[in-house]
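> Provided below for reference: sequence and predicted model.
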Amino acid sequence: MQPATQLKIKTPTGLSDRIRWLRDYYFKGADRAWTNEQTAWTTGTPWDTVYNEMTYYIVPETYMLQQTLRSSFKLSAREVRLHQDFWTWSLPERRAWFTREVMVEYLPKELLPGDLIAGGRFNVQSSLCLNKKESKEFDRMILGKRGARALVNWFHDHGYGNAGATSGHLIPDHERILHLGWKGVHAYLVARYNALSKRERKGQAGAQLRAMMTSATMARDLAGKYAAHCRDLAAREADAARKAELSAMAENLELVPWSPPETFWQAVQALWLNHMLVMSDENYPGPGVSFGRIDQYLLPYWEKSLAEGMDREFGKEILKCFWVHCNHAYDAMIRTGNNGITAGYGQLITLSGLGRDGADMTNDLTYAILEVIDELSPILEPKPNVRLHRNSSDDLLDREIGRAHV
């Protein structure tokens with residue numbers, strides 16, 4: 001009888017002390033000094049709704065806990081001090097201001113030792129910001145006899161399993177945001193608003209644009225908080241190399257994401273803050289909010305920084321910090337076992353593929369990212385997809401076939 005084949009789980013390879021510590025620290029789970037667990041935030045009104053169960057109808061495991069989750073998040077929610085004009089604003093304006101206030105003014109700002117990317121906390125359950133009348137109507141649609149909860153449970157009980165849909169499942173236009181910076185987006189929104197008539201400004205169009213202008217400043221203000229934190233850490237840092245890194249991070253954050261990045265490090269920092277702010281608004285960790293063709297739109301910054309002297313391994317070090325950050329989306333379920341590492345939320349990236357003229361788009365950044373994945377694995381996020389075609393290079397095929405057999 002032939003002995004059973006012994007298969008070994010892949011182990012990380014070639015990690016620097018920095019990345020090994022960050023990766024190992026992530027897998028300490030709930031034993032970490034701080035985590036990105038969900039925190040709840042309320043307007044403080046007795047009718048407030050914090051947990052939007054419709055977001056979680058895509059997760060049948062939560063159905064038996066619908067009322068428990070609704071009640072427990074409200075009970076644990078921390079009150080946000082509201083602007084004096086808060087209840088005079090439209091719902092989009094209320095929601096935009098509230099999310100910005102939580103992310104910028106209330107959530108702690110931390111940085112792990114050695115980390116090259118700032119932005120740690122974003123898993124929140126924020127108030128729906130409904131007034132009393134809106135809340136009554138919302139509850140009717142959710143909790144009524146023919147409300148969403150009853151219908152979802154009916155479908156589930158009759159064998160449909162997953163009877164919902166969630167937010168997310170999109171690829172933001174990161175290339176455009178990096179190119180313009182939020183400063184450019186804000187200027188575009190202001191121009192659109194100024195072009196409205198007085199009547200339009202008082203209507204839905206004006207309210208929506210005002211909310212979007214508030215949201216457009218969120219990344220700038222959050223980056224400013226992290227820049228100040230990096231400068232504070234640098235002032236107290238004894239190690240000269242780390243002090244220089246922290247000072248460089250502060251300079252990066254004082255530029256991006258408000259202005260367009262000038263270096264690869266700045267581009268990755270901007271990409272991460274933009275991504276985590278999308279997730280903070282979703283109130284659902286890692287809801288299929290993906291990065292798209294990351295090796296294409298980050299390539300100009302990669303090539304420019306290499307030409308200006310960036311060490312290729314340091315560029316990979318930046319990417320590895322980014323990879324670890326993506327996995328912290330799972331801190332939302334960190335106390336339910338295994339750090340959520342078997343969950344299927346999904347923050348996907350796409351590599352290689354064809355260009356508009358049919359040319360193969362594989363490049364040095366494609367290979368650098370594949371190296372990062374290979375050296376860090378096993379680690380879940382972000383989930384890579386490689387586009388292959390008849391003109392894919394033998395080198396790319398060899399690397400992918402080799403990875404598939406690890």
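Noted; the coordinates are in hand.

> Give me the residue at the spatial middle of the protein.
Ranked by distance to the mean C-alpha position of the chain (C-alpha atoms, centre = their mean), the top residue is residue 276 at 2.8 Å.

> Residue 261: how many residues sit nearby?
24 (other C-beta atoms under 10 Å). Where C-beta positions appear, they are placed from N, C-alpha and C, glycine not excepted.

> The one 4 residues further on too?
For residue 265, the number of neighbouring residues by other C-beta under 10 Å comes to 25.

> which residues sit in contact with it?
When contacts are counted by C-beta atoms under 8 Å, 6 or more residues apart in numbering, residue 265 touches 116, 248, 252, 305, 310, 318.

> quick one: which of these is nearest residue 215?
Minimum distance to residue 215 across those is 21.8 Å, recorded for residue 252 (C-beta to C-beta).

> Please verify my assumption that the closest one contacts residue 264.
No: taking contacts as C-beta atoms under 8 Å, residue 252 lies outside contact range of residue 264: 10.6 Å.

> would you list every one of the strands in the chain?
Applying DSSP state E to the chain gives strands spanning 39-42, 78-79, 124-126, 348-352, 383-387.

> okay if I get the contacts of residue 265 as a markdown table plus distance to residue 387 and neighbour count?
Shown next, in a markdown table, are the contacts of residue 265 (distance: C-beta to C-beta, whole Å; neighbours: other C-beta atoms under 10 Å):
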| residue | distance to residue 387 | neighbour count |
| --- | --- | --- |
| 116 | 28 | 25 |
| 248 | 34 | 16 |
| 252 | 30 | 26 |
| 305 | 25 | 22 |
| 310 | 27 | 18 |
| 318 | 24 | 22 |
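
> Which single one of those residues is nearest to residue 8?
Minimum distance to residue 8 across the contacts of residue 265 is 29.7 Å, recorded for residue 318 (C-beta to C-beta).

> which secondary element of the chain has the worst mean pLDDT?
Ranked by mean pLDDT, DSSP states H and E, the weakest helix or strand in the chain is helix 394-404, scoring a mean of 73.

> Report the separation between residue 293 and residue 281.
23 Å (C-beta to C-beta, to the nearest Å).

> related to what we said a few turns ago, who's in contact with the residue nearest to the centre of the chain?
Residues near residue 276 by C-beta under 8 Å, 6+ apart: 119, 122, 325.

> re the thing from before, which one of the strands of the chain is the most hemmed in?
Sort the strands of the chain by mean neighbour count, taking mean count of other C-beta atoms under 10 Å, and strand 124-126 sits at the top with a mean of 24.

> can you tell me the average pLDDT over that one?
Strand 124-126 carries an average pLDDT of 96.

> And for stretch 49-57?
On average, stretch 49-57 scores 92.

> Stretch 296-313 too?
Taken as a whole, stretch 296-313 carries a mean pLDDT of 98.

> burial of the nearest residue to residue 371 once chain neighbours are set aside, as a residue count?
Leaving aside its chain neighbours, residue 371 sits nearest to residue 316 (6.4 Å; criterion: C-beta to C-beta, 6 or more residues apart in numbering). Residue 316 has 19 neighbours, counted by other C-beta under 10 Å.

> now residue 160
Residues lying near residue 160 (other C-beta under 10 Å) number 12.

> again, but for residue 21
15.

> Which residue is the nearest non-sequential neighbour of it?
Per C-beta to C-beta, 6+ apart, closest to residue 21 is residue 114, 6.2 Å.

> who's in contact with the one you found?
Residues in contact with residue 114 (C-beta under 8 Å, 6+ apart) are 17, 18, 21, 22, 242.

> Take the contacts of residue 265 and keep only those in helices.
Cross-referencing the contacts of residue 265 against helices under DSSP state H gives 248, 252, 305, 318.

> Now for the closest residue to the third one other than its chain neighbours: which residues touch it?
Residue nearest to residue 305 in three dimensions, not counting chain neighbours: residue 264, with 3.9 Å by C-beta to C-beta, 6+ apart. The neighbourhood of residue 264, defined by C-beta under 8 Å, 6+ apart, consists of 298, 301, 302, 304, 305, 306, 310, 315, 318.

> now do 7 Å
Residue 264 makes contacts with 301, 302, 305, 310, 315, 318, as judged by C-beta atoms under 7 Å, 6 or more residues apart in numbering.

> likewise residue 67?
The contact partners of residue 67, taken as C-beta under 7 Å, 6+ apart, number zero.

> got it, and residue 310?
Residue 310 makes contact with residue 264, according to C-beta under 7 Å, 6+ apart.

> From residue 262, how far off is it?
For residue 310, the distance to residue 262 - C-beta to C-beta - is 12 Å.

> if we can go back for a sec, isn't the residue nearest to residue 371 up against residue 369?
No: the criterion here is C-beta atoms under 7 Å, and residue 316 misses it with residue 369 at 8.5 Å.

> And the contacts of the longest helix anywhere in the chain?
As assigned by DSSP H, the longest helix anywhere in the chain is helix 174-194. The contact list for helix 174-194 (C-beta under 7 Å, 6+ apart) reads 206, 209-210, 212-213, 216-217, 219-220, 257-261, 267, 270-271, 274, 291-292, 297.

> Now for the closest residue to residue 253 other than its chain neighbours: which residues touch it?
Using C-beta to C-beta, 6+ apart and skipping residues adjacent in sequence, the residue nearest residue 253 is residue 227, 3.7 Å away. For residue 227, the contact set (C-beta under 7 Å, 6+ apart) comprises 250, 253, 254.

> Closest to residue 41 out of those residues?
Here the nearest of these to residue 41, counting by C-beta to C-beta, is residue 253; it sits at 23.8 Å.

> Against residue 267, how distant is the closest one?
According to C-beta to C-beta, residue 253 stands 13 Å off from residue 267.

> which residues does the nearest residue in space to residue 215 that is not next to it in sequence contact?
Nearest residue to residue 215, sequence neighbours excluded (C-beta to C-beta, 6+ apart): residue 96, at 4.8 Å. Applying C-beta under 7 Å, 6+ apart, one finds that residue 96 lies in contact with 211, 214, 215.

> and the contacts of residue 114, which two are the farthest apart?
Spanning the widest gap among those are 22 and 242, at 13.7 Å by C-beta to C-beta.

> For these two, work out which one has more neighbours and name it.
Taking other C-beta under 10 Å, residue 22 and residue 242 do not tie; residue 22 has more neighbours (24 against 15).
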